[in-house]
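Engineer: task: produce atomic coordinates for the following.
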Amino acid sequence: MIRSGESVAGIVLAAGESTRLGRPKQLLPAGGGTLLERILDEALRSDLDEVILVLGHLFEDIRAVLGQVLEHPKLKVIQNRQYKQGISSSIIAGLSEVEESHDHVMILLADMPHIDANLIDLLVRRYIDSRLPLGAIKLKTKRTHPVIFSRKLFHELHNLKGDVGARDLFKKYADQVCLVEPEGFYDDRDIDTPEDHTKYRKTFEKG
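Structural biologist: Okay, the predicted model is just below:
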């Protein structure tokens, strides 16, 4: 529990087909495990009260790779059978699991390998303290992920359509957004292509 009376769930979106990559990006090597395991480890290590992992394409194969992390008490894995309808369907699937029990939801993209527990916790703290209904990480003048929403906007998340996230909500409520700058270096690049993964692995090996 982040603050008395308020709880925050994380929704990790990992249902896509990775068409630009040509193979499941969830299973790409990252550190000592896979890309998906990396973001899950950070989300579960954070102060989030619960973590919902939304899988879709190759559900059984990807779930099987996760091993013992499936036993983590904060983790629930669900299957989005409508994943071909786009990212909005995964947001709605995850939200449906937690909207009755949690006051806020954070959306985490599984293909952003530099998200860590410290960044998650920083965003949660600043957002909760702000009392605003939306929150996001800010890099210079750019809003980026992760993002977080209060219960006040759950109904609007349910209205999302297609392969788009909730960026229109940030435009609609532009004056009600808590933007949080990372306290240290943060790379918000995602991994969509083989070249992206090669660059990431070189960066990781240097670090």
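
Engineer: buried sites along the lengthiest strand in the chain?
Structural biologist: The longest strand of the chain (DSSP state E) is strand 142-150. Residues 143-150 are the ones in strand 142-150 that count as buried (16 or more other CB atoms under 10 Å). Just so you know, the C-beta spots here come from the backbone N, C-alpha and C atoms, and that holds for glycine as well.

Engineer: where does the prediction get shaky in the protein?
Structural biologist: 1-4, 18-23, 192-194, 196-207 (pLDDT under 70).

Engineer: picking up where we left off before, partner strands of the longest strand of the chain, with direction?
Structural biologist: Strand pairing for strand 142-150, using DSSP bridges, gives strand 104-109 (antiparallel), strand 134-139 (antiparallel).

Engineer: so which of the ones you listed gets nearest R38?
Structural biologist: With CB to CB as the criterion, R38 lies closest to strand 104-109 of the strands paired with strand 142-150, at 11.4 Å.

Engineer: K74 reaches L44, doesn't it?
Structural biologist: Yes. In this structure, K74 is within contact of L44 by CB atoms under 8 Å, at 5.5 Å.

Engineer: so these two - more neighbours on which side?
Structural biologist: L44 (19 against 15; other CB atoms under 10 Å).

Engineer: distance of that one relative to L109?
Structural biologist: According to CB to CB, to the nearest Å, L44 stands 16 Å off from L109.

Engineer: where along the protein do the helices fall?
Structural biologist: 35-45, 59-65, 87-98, 117-130, 154-157, 167-172, 194-206 (DSSP state H).
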